[in-house]
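Engineer: Provide a 3D model corresponding to the input given below.
(2 chains)
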Amino acid sequence: MAAADDWQPSATPGALAGRTELLEQLRAFFAQRGVLEVDTPLLCSGTITDPAITPMASGDRWLQTSPEYAMKRLLAAGSGPIYQVCKAFRAGEAGGRHNPEFTLLEWYRPGFSLAELIEEVADLARAVLGNTLHRVVTYRELFRQYLGIDPFLVDAEELEAFARARLDYSGGAETRDTWLDLLLTHLVEPQLEGLVFVHDYPASQAALARLREEDGVTVAERFELYVDGLELANGYFELTDPAEQRARFEADNRTLASRGEPARPIDEQLLAAMEAGLPSCAGVALGLDRLLMKKLGAERVRDVLSFDWSRC
Amino acid sequence: MASYSTNEFRSGLKVMLDGDPCSIIENEFVKPGKGQAFNRVRLRNLKSGRVWERTFKSGESLEGADVMDRTMEYLYSDGEFWHFMEPDTYEQYQADKDAVGDAAQWLKEGDRCEVTLYNDSPLAVVAANFVELEITETDPGVKGDTASGGSKPATLSTGAVVKVPLFLSQGEIIRIDTRSGEYVGRGKS
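Structural biologist: Numbering: from 1, shown residues only, chains lettered A, B, ... in the order given. Below you'll find the predicted structure:
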C-alpha cells in the first residue's frame, strides 16, 4: 500500500517538460515519414502467452502487455505504416529500470526488412539523443566478443559451468535460454557502450519473429537496441504464418502448464487477421520511459515518471 | 520467522542465507524484455561482515533472520567483553571483540549506540554517528591559528587517533563523525 506521505511526484524537476518535448519530437518524426498514429484498446479478451511475461487482469479482460496484436489486426485490415504511444502493463516488473505500468512506443513498417527498420530506429534515436554512431552486431558475435563462447553451440551444462565460475547464482539447473539471459544481463550488457543493435537471436528466443537459416544454425529475425547497456527496444521481422503462430502460442501454454501456471487465452482475432493476411512487415516496441531517461540523463525510471509504482 | 520473496527484498531486510544472518544492502531487478527475470542482490553477512553479490531467480524466497537493532547504553569494557544495557528494561548484554569491531574506538561510557541482536545475543555494534571525546594527547595548540588549514594527529580518551586542526590542545572535547572518522568541530560539553 502506498504511504500517504509519498504524495509527491517521483519525477525529477524538468522530467515532465522533457516528456512533452520527447512526444513532440516523436510525433514530428513519424509525421515527416508518413506513419499514421493509432490508438487501440488497453483492455482485451486475449493476452500474451510468453511465459516470461505476466499479464494483469482487470475484471474479465486483460490489460495489454503491448499493443502488438491489435496493431497487427489494423495492418491486416490495410492500415499501412502505423505507430502508437500507449501504456502497457506487466506484473511484477518493478525496479530501478522497470515499472509495471510503463509507456511503449510501438510501430510497424509494411515492406520493411529487419535491416531497414534497424536504420529507422537508429535515425529516431539520433533525433532524440543527438548525433550518435551505432553498431550492429549479431547475438552470436556479441557472445563471442564479450564472453568468448558460441551461444548456438554450447550446451546447458557448459553454460552453467561458465556462469557459476563468474557469478554467485542461487538457482539450480536451468534451461539454455535462462543461462544465456543470465550471462547477457550480468556480464554483457554492462560492457555495452553507445547505441548497439543486437540481432539474429537463437530460435528459442524468437517470440513473434520469423526464423531463417544462417551459418548452419536457425536464427530469429529479431533485434534489440541497447543504449549504454540499457535495453531500449525489441523488433521483429514479423511472423505472418498463422499456423506457425498458433503452434508457438500452444508451445508457450504447454511451458506454462509444466510450471503449474494456468494457460492463457490465445488471441483468436489476431490469428484470424493473420489468416486473412498480415502484410510482410517489420515492427518494433521501444520503452519510451527509458528513452526519456537517456534523453535526460536519468539513472532510474522513477525519475521520469510522474508517480512511480510505489507512489500510486 | 516469515519468509520474503525477491520482490520484498529491501535495503535493511535481514534474511538467513547459507545458515548465516545477512542484511540486504541493495536489490536490483534485472530482466530482458523477452526473457527470465532475476534479482541481483548485494548482501552483508552479519557474522563475518563480508559483502558480496548473489543473483536470485525472481520469485525465490528466503527465510527472515531473527535479528533486531536496539539502541543501548554502553556501560564498560572488562578487557574481554564490552557491556551494554537496554535503557528501558535495564537488561544487560555482553559483546565480544568480533561483534564490537571498529566501533570500540568510539565507545565512551554512558553513550548510546546501536546493538544488533541475533537470537538475543549481540552480533554487531554501531557507534552513534557523532560522538564527543576528549583529546588525551596531541602537540601543543598553536594559538590563533584557525585559518592555515593544517592538521595534526590527536589521541582521544578511547585510544582512537584522528586528525585535528592545529589550534586544538590536550584536554579539549571534540566532535567526531564515526562513519568517516573525521573531526567535525569542537564539542559542546
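Engineer: for A:Ala127, see how far away the residue nearest to the spatial centre of chain A is.
Structural biologist: Central residue of chain A (Cα atoms, centre = their mean): A:Asn234, 3.9 Å from the mean position. Distance of A:Asn234 to A:Ala127, computed by Cβ to Cβ, to the nearest Å: 20 Å. (Each C-beta comes from the backbone N, C-alpha and C, glycine too.)
Engineer: how about the residues of chain A by chain B?
Structural biologist: A:50, A:52-53, A:92-98, A:167-171, A:174, A:177-178, A:180-182, A:184-186, A:205, A:207, A:224, A:231, A:234, A:285, A:287 (Cβ under 8 Å from any Cβ of the partner chain).
Engineer: of those, which belong to strands?
Structural biologist: Among these, DSSP state E puts A:224, A:231, A:234, A:285, A:287 in strands.
Engineer: neighbour-wise, which of these leads?
Structural biologist: Of all those, the highest neighbour tally under other Cβ atoms under 10 Å in any protein chain shown goes to A:Gly287, namely 25 neighbours.
Engineer: tell me the mean pLDDT over whichever helix or strand A:Glu21 is part of?
Structural biologist: Assessed by DSSP states H and E, A:Glu21 sits inside helix A:15-32. The average pLDDT for helix A:15-32 rounds to 98.
Engineer: flag every buried residue along that helix.
Structural biologist: Neighbour counts over helix A:15-32 (16 or more other Cβ atoms under 10 Å in any protein chain shown) mark A:15, A:18-19, A:22, A:26, A:29-30 as buried.
Engineer: with stretch A:169-178 instead?
Structural biologist: Buried, per 16+ other Cβ under 10 Å, within stretch A:169-178: A:169-170, A:174, A:176-178.
Engineer: separation between A:Arg33 and A:Val284?
Structural biologist: Distance, A:Arg33 to A:Val284, using Cβ to Cβ: 14 Å.
Engineer: same check, this time on A:Trp62
Structural biologist: Distance, A:Trp62 to A:Val284, by Cβ to Cβ: 22 Å.
Engineer: show me the contacts for the residue in the stretch 151-300 of chain A that chain B sits nearest to.
Structural biologist: In the stretch 151-300 of chain A, the residue that lies nearest chain B is A:Asp181 (3.9 Å; Cβ to the nearest Cβ). By Cβ atoms under 8 Å, 6 or more residues apart in numbering or on different chains, A:Asp181 lies in contact with B:32, B:35-36, B:38.
Engineer: could you report the neighbour count for the residue nearest to A:Ala52 when sequence neighbours are not counted?
Structural biologist: Counting by Cβ to Cβ, 6 or more residues apart in numbering or on different chains, the nearest residue to A:Ala52 once its immediate chain neighbours are dropped is B:Gly35, at 5.5 Å. Each residue near B:Gly35 was counted by other Cβ under 10 Å, and the total is 21.
Engineer: one step back: settle it for me: which of A:Trp62 and A:Val284 has more neighbours?
Structural biologist: A:Val284 (26 against 21).
Engineer: give me the pLDDT value at the residue of chain A found nearest chain B.
Structural biologist: Across chain A, the shortest distance to chain B (Cβ to the nearest Cβ) belongs to A:Gly95, at 2.7 Å. With respect to pLDDT, A:Gly95 has a value of 94.
Engineer: okay, now B:Arg179: neighbour count?
Structural biologist: B:Arg179 has 10 nearby residues by other Cβ under 10 Å.
Engineer: correction: A:Leu271
Structural biologist: Using other Cβ under 10 Å, A:Leu271 has 17 other residues around it.
Engineer: my guess is it contacts A:Pro242, does it?
Structural biologist: Yes. Using Cβ atoms under 8 Å, A:Leu271 is in contact with A:Pro242, at 5.1 Å.
Engineer: all helices of the stretch 101-250 of chain A, in order?
Structural biologist: With DSSP state H, counting those that start in this stretch as the criterion, the stretch 101-250 of chain A has helices at A:114-129, A:139-147, A:156-166, A:176-183, A:242-258.
Engineer: can I get whichever helix or strand comes after the longest one as PDB, trimmed to CA atoms?
Structural biologist: Stepping forward along the backbone from helix A:242-258, the first helix or strand reached (DSSP H and E) is helix A:268-277. Written as PDB, here are the backbone C-alpha positions of helix A:268-277 (Å, rounded to 0.1, in the frame of the first residue of the first chain):
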ATOM      1  CA  GLU A 268      -8.000 -15.800 -31.900                       C
ATOM      2  CA  GLN A 269      -8.700 -12.500 -33.500                       C
ATOM      3  CA  LEU A 270      -5.000 -12.000 -34.200                       C
ATOM      4  CA  LEU A 271      -4.800 -15.500 -35.700                       C
ATOM      5  CA  ALA A 272      -7.900 -14.700 -37.800                       C
ATOM      6  CA  ALA A 273      -6.300 -11.500 -39.000                       C
ATOM      7  CA  MET A 274      -3.100 -13.400 -39.900                       C
ATOM      8  CA  GLU A 275      -5.300 -15.900 -41.800                       C
ATOM      9  CA  ALA A 276      -6.800 -13.000 -43.700                       C
ATOM     10  CA  GLY A 277      -3.300 -11.800 -44.500                       C
END
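Engineer: perfect, I'm done here.
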